[in-house]
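> missing the sequence, but the structure's below:
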DNA sequence: GCGACGCGTTTTGAATACAAAATACAGATG
DNA sequence: CATCTGTATTTTGTATTCAAAACGCGTCGC
């Protein structure tokens, strides 16, 4: 342990990630954004060629996605992208609601001033994107806020659980585009719970987060329910 | 589609499960019951020999366990059983509490009479095991009750999420043996929420389940905290 | 004696090869 | 003509092989 080690040790985490990890992320993204539409059958060979890897890491990634619930595998019959049904979303929302309520309680109690400032900054960025009508950026910042709240809650188990569920719901949100009025309402709700966080009002923040989610569900419900009930591999 | 199909279709699901599934269950059981103690390094080759399978399905099972959080893998350095730290348990409990509260609400609202009867029967079996001092059987029935409540809640997403967390907590419960007094208290709590379910009192059931869990945590906390804070691969 | 370097072994990650199951299709049969 | 059956092809599951990274140990230099 020479003197220079201390400087060397701090830099270069430089983790060469296994292929499976990269594939997992890539596939998840594809599923969430609809490049692999719900119900689509997953062809191992084809995907392997596309990413220029062998079947081994690809299969590992697919199995991991199955554990996350994004794909369903039937023995000897292959995997397919889990369909997004209104039913499944209705199921997931109360669970997510319970988790978000907890996130709110913990975040209000434990967030550092720096974290609160971050949330505030993100919120303002989000408002700007809303005003500019930039949907994609808005969505991204929106997720960043929820992520920041999870971090502020200082509970990795909660984060992991919530993020797992969120991935599944994101698909639905991605497909159900907000109406202008719902969008404005969502921004207002966000403003409210940003303030609740700054006031460290745990009960209020918890209630607001749960309400926010319920409104989101209502929006998705009408959007999906209107455009055909089931949400199979439509266009895109 | 001949006439006889309808009768044939009902029977014979007869799923030949892939090796990975069996391995996954076996390994999980081993980890929960301590056959693979926390912190233990996992030797692929050794396990493969023991189960007489090749590395491919074994690796798949290990990766799945990693997704569940029961093992931790570091790239190029192998997998090891995730240590059971008091810290992690403290984290997981509020999450589990939120989920159980939701389970209670939903179960009280949706359980069929048959399901309620099942819970009642299981509860009485549990009381018998308690009186007889049969710890292993008690634990098994105890889990069966919580499982039955989850089924009664009619929310597969909730079930999946809760069961994933429960597997991790089970390890802690398995190690922290109950004291006689805590055991009796736990049985009393169970009696209370069996009655709340029969009365379909959602708010009460929800509150009782959360309280039950908090007491459980307190018991584990003293048991583990007393016997050394960390719970590395001790005896067994 | 202490620490750094080099080399062989072990272990993990990925690719390929092989076996078994499922699907698709064609022909036979009523 | 429809249906069933047998066979070929594709696809999945598992085993084996190959490559690369990490570990252990002995040697060398200071």
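Arrived safely. The shown structure was predicted, so the numbers you read here are calculated from the model rather than taken from an experiment. Numbers count the residues shown, from 1 in each chain, chains lettered A, B, ... in the order given.

> Quick check: the closest residue to DNA strand D within chain A vs residue B:22, distance?
Residue of chain A nearest DNA strand D, by CB to the nearest atom of the strand: residue A:78 (2.8 Å). To be clear about C-beta, it is placed using only N, CA and C from the backbone, and glycine gets the same treatment. According to CB to CB, to the nearest Å, residue A:78 stands 20 Å off from residue B:22.

> gap between residue A:130 and DNA strand C?
According to CB to the nearest atom of the strand, to the nearest Å, residue A:130 stands 41 Å off from DNA strand C.

> Oh, that last question was meant for residue A:151, not what I typed.
Distance from residue A:151 to DNA strand C, by CB to the nearest atom of the strand: 27 Å.

> Check residue A:172 too.
28 Å.

> Let me see the contact set for that residue.
A:84, A:89, A:220, A:224, A:231 (CB atoms under 8 Å, 6 or more residues apart in numbering or on different chains).

> From those residues, which shows the smallest pLDDT?
When these are compared by pLDDT, residue A:231 scores lowest at 46.

> and chain A, which residues reach DNA strand D?
Counting by CB under 7 Å from any atom of the strand, chain A comes close to DNA strand D at A:16, A:42-45, A:55-56, A:59, A:73, A:75-79.

> swap the cut-off to 6 Å and go again
Neighbours of DNA strand D within chain A, by CB under 6 Å from any atom of the strand: A:43-45, A:56, A:75-76, A:78.

> Just the ones of the residues you listed in helices?
Among the residues of chain A next to DNA strand D, the residues falling in helices (DSSP state H) are A:44-45, A:56.

> which of the residues you listed lies closest to residue A:167?
Nearest to residue A:167 among those is residue A:44, at 21.7 Å by CB to CB.

> and the closest one, what does it touch?
For residue A:44, the contact set (CB under 8 Å, 6+ apart) comprises A:55, A:58-59, A:62, A:78.

> Would you mind listing which of those are buried?
A:58-59, A:62 (16 or more other CB atoms under 10 Å in any protein chain shown).

> one step back: I figured the residue of chain A closest to DNA strand D hits residue A:40, correct?
No. When contacts are counted by CB atoms under 8 Å, residue A:78 is not listed as touching residue A:40 (11.2 Å).

> and the next element down the chain from the host helix or strand of residue A:168?
Take DSSP states H and E as the rule and residue A:168 turns out to sit in helix A:156-175. Beyond helix A:156-175 on the C-terminal side, the first helix or strand identified by DSSP H and E is helix A:180-198.

> So the helix or strand just after that next one, near chain B or not?
Using DSSP H and E, the helix or strand that follows helix A:180-198 towards the C-terminus is helix A:202-226. No. On the criterion CB under 8 Å from any CB of the partner chain, helix A:202-226 is out of touch with chain B, staying 10.4 Å away.

> For the spatially closest residue to residue A:102 that is not a sequence neighbour, what are phi and psi?
Closest residue to residue A:102 apart from its sequence neighbours, by CB to CB, 6 or more residues apart in numbering or on different chains: residue B:98 at 4.7 Å. Note on residue B:98: its backbone torsions stand at phi -60, psi -40 [degrees, to the nearest 10].

> Can you report how many residues neighbour residue B:98?
Residue B:98 has 24 neighbouring residues, counting by other CB atoms under 10 Å in any protein chain shown.

> Run through chain A and note the low-pLDDT ranges.
A:1-15, A:225-236 (pLDDT under 70).

> Quick check: residues of it near DNA strand C?
For chain A, the contact set with DNA strand C under CB under 6 Å from any atom of the strand comprises A:2, A:18-20, A:53-57, A:76-77.

> Contacts only, for the residue nearest to residue A:115 when sequence neighbours are not counted.
Once flanking residues are discounted, residue A:115 sits nearest to residue A:152: 4.5 Å by CB to CB, 6+ apart. Residue A:152 sits next to A:106-107, A:110-112, A:115-116, A:119, A:197 when contact means CB under 8 Å, 6+ apart.

> and those residues, which are buried?
Applying 16+ other CB under 10 Å to those flags A:106-107, A:111, A:115-116, A:119, A:197 as buried.

> Distance to residue A:31 and secondary structure for those residues - can I get that in TSV?
Putting these into TSV (distance: CB to CB, whole Å; DSSP: H, G, I helix; E, B strand; the rest coil) gives the following:
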residue	distance to residue A:31	secondary structure
A:106	30	helix
A:107	29	helix
A:111	32	coil
A:115	30	helix
A:116	33	helix
A:119	28	helix
A:197	31	helix
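
> So which of those is the closest to residue B:187?
Relative to residue B:187, and with distances defined as CB to CB, the nearest of the buried ones among the contacts of residue A:152 is residue A:106, at 31.3 Å.

> Tell me the spacing between that closest one and residue A:23.
For residue A:106, the distance to residue A:23 (CB to CB) stands at 33 Å.

> count of neighbours near the closest residue to residue A:219 other than its chain neighbours?
The spatial neighbour of residue A:219 that comes closest, neighbours along the chain excluded (CB to CB, 6+ apart), is residue A:182 at 4.7 Å. A count of nearby residues for residue A:182, using other CB under 10 Å, gives 18.
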